[in-house]
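# coordinates only, sequence not included:
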């Protein structure tokens, strides 16, 4: 786990914290522990048997400014043909080797999940006019 110090005098923007909690706040500095999202995105996901089961593709931040969903790419070859699935981010764990672990996951179980679509990619529902005709 990495500790990040941000000098608030030079950083006036409020930045979200991923995978940690605010440990302390002073007038000069914010200190937190956790994982940097930029380092996690693209990371391999392993199961508790040490088998690679996917690739962390994205995070979805929920209404309460917390990471609620992890989007994982499964299948495919060299990044082509992978299928995106979503799992609760709370299921992901870090291990002593610095790997992201999704316990009891297998490639087959992940491939069996419904495919994840972003809202802008989701097929639009029919209008009332189309539904009544």
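Ah, there it is. Being a predicted model, the structure only gives us computed values, none of them experimental.
# any idea how far residue 93 lies from residue 70?
11 Å (CB to CB, to the nearest Å). For every residue, glycine as well, the C-beta is placed using N, CA and C.
# neighbour-wise, which of the two wins?
residue 70 (24 against 12; other CB atoms under 10 Å).
# List the contacts of stretch 63-78.
Residues outside stretch 63-78 that contact it (CB atoms under 8 Å, 6 or more residues apart in numbering) are 16, 18-19, 45, 53-62, 79, 81-89, 91-92, 102, 107, 110-111, 116.
# residues of stretch 104-123 that come out buried?
Residues of stretch 104-123 classed as buried by neighbour count (16 or more other CB atoms under 10 Å): 105, 110, 116.
# Counting only helices, which of the contacts of stretch 63-78 make the cut?
Residues from these lying in helices, with DSSP state H as the criterion: 107, 110-111.
# got a list of what residue 113 touches?
Contacts of residue 113 by CB under 8 Å, 6+ apart are 85-87.
# quick one: which of those residues has the most company?
For those, neighbours tallied by other CB under 10 Å; top is residue 85, 21 neighbours.
# Spatially nearest residue to it, not counting backbone neighbours?
What sits nearest to residue 85 in space, not counting adjacent residues and going by CB to CB, 6 or more residues apart in numbering, is residue 113, at 4.1 Å.
# quick one, strands of this protein?
2-7, 22-25, 29-34, 44-46, 52-61, 67-74, 83-88, 93-94, 100-101 (DSSP state E).
# Domains in the chain, by residue range?
With domains defined by automatic domain parsing, the chain comprises 2-34, 41-118.
# weakest of these in terms of mean pLDDT?
Set side by side, these differ in mean pLDDT, and domain 2-34 is lowest with a mean of 52.
# related to what we said a few turns ago, out of the contacts of residue 113, which comes closest to residue 39?
Set against residue 39, the nearest of the contacts of residue 113 by CB to CB is residue 87 (19.2 Å).
# for that closest one, what are its contacts?
Taking CB under 8 Å, 6+ apart as the criterion, residue 87 is in contact with 69-70, 72, 102, 110, 113.
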